[in-house]
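[1] Coordinates for the following, if possible.
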Amino acid sequence: MSMRPADVEAAIEAGIEDCEATVTTPRAPDPDHEDAHFAAVVVSPAFEGETLVDQHEMVYNAVGEAMTTDVHALEIRTYTPEEYEEHAN
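    Numbering: from 1, shown residues only. Predicted coordinates for the structure are as follows:
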């Protein structure tokens, strides 16, 4: 059973406090591979004061076991709400 972007979003949002995740598939799935390539934009106040490495680690931990089974690659961009406001403008 392969994961859909909505499944990855739900896992991230369940694992990180006050989080909003947007997950897309940046390239067409390869029919010969079950593995999926996802891109996630994750906004959470939980990232405040954390290093980029720690922020990404939080996302990987939220996706959890699926990282080794259903998710082939996960591009991550993390923002605090303030950073995301600046990024969006």
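[2] Can you name the element that comes right after the helix or strand of the chain at the bottom of the mean pLDDT ranking?
    Comparing every helix and strand of the chain by mean pLDDT, DSSP states H and E singles out helix 66-69 as the least confident one, with a mean of 76. Next along the chain after helix 66-69, taking DSSP states H and E as the criterion, comes strand 71-79.
[3] Only the C-alpha atoms, please, for the following helix or strand past that next one, written as CSV.
    Per DSSP H and E, strand 71-79 leads on to helix 81-88 as the next helix or strand towards the C-terminus. Presented in CSV, the C-alpha positions along helix 81-88 are these (Å, rounded to 0.1, in the frame of the first residue of the first chain):
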residue,chain,number,x,y,z
PRO,A,81,4.8,31.0,11.1
GLU,A,82,6.7,34.3,11.0
GLU,A,83,9.2,32.9,8.5
TYR,A,84,6.4,31.6,6.3
GLU,A,85,4.7,35.1,6.3
GLU,A,86,8.0,36.6,5.2
HIS,A,87,8.5,33.9,2.6
ALA,A,88,5.0,34.3,1.2
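[4] rewinding a little: can you give the contact residues for the least confident helix or strand of the chain?
    Helix 66-69 has contacts (CB atoms under 8 Å, 6 or more residues apart in numbering) with 3, 7-8, 11, 60, 74. The way it works is simple: take the backbone N, C-alpha and C, and place the C-beta from them, glycine included.
[5] Please give the element, helix or strand, for the spatially most central residue of the chain.
    Central residue of the chain (CA atoms, centre = their mean): Ala40, 3.8 Å from the mean position. Using DSSP H and E, Ala40 maps to strand 36-43.
[6] Can you show me the CA trace of that strand as PDB?
    Taking Å, rounded to 0.1, in the frame of the first residue of the first chain, the C-alpha atoms of strand 36-43 are listed here in PDB:
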ATOM      1  CA  ALA A  36       7.100   7.700  -3.900                       C
ATOM      2  CA  HIS A  37       9.000  11.000  -4.000                       C
ATOM      3  CA  PHE A  38       7.300  13.700  -1.900                       C
ATOM      4  CA  ALA A  39       8.000  17.400  -1.200                       C
ATOM      5  CA  ALA A  40       6.700  18.900   2.100                       C
ATOM      6  CA  VAL A  41       6.300  22.500   3.200                       C
ATOM      7  CA  VAL A  42       5.800  22.400   7.000                       C
ATOM      8  CA  VAL A  43       4.900  25.500   9.100                       C
END
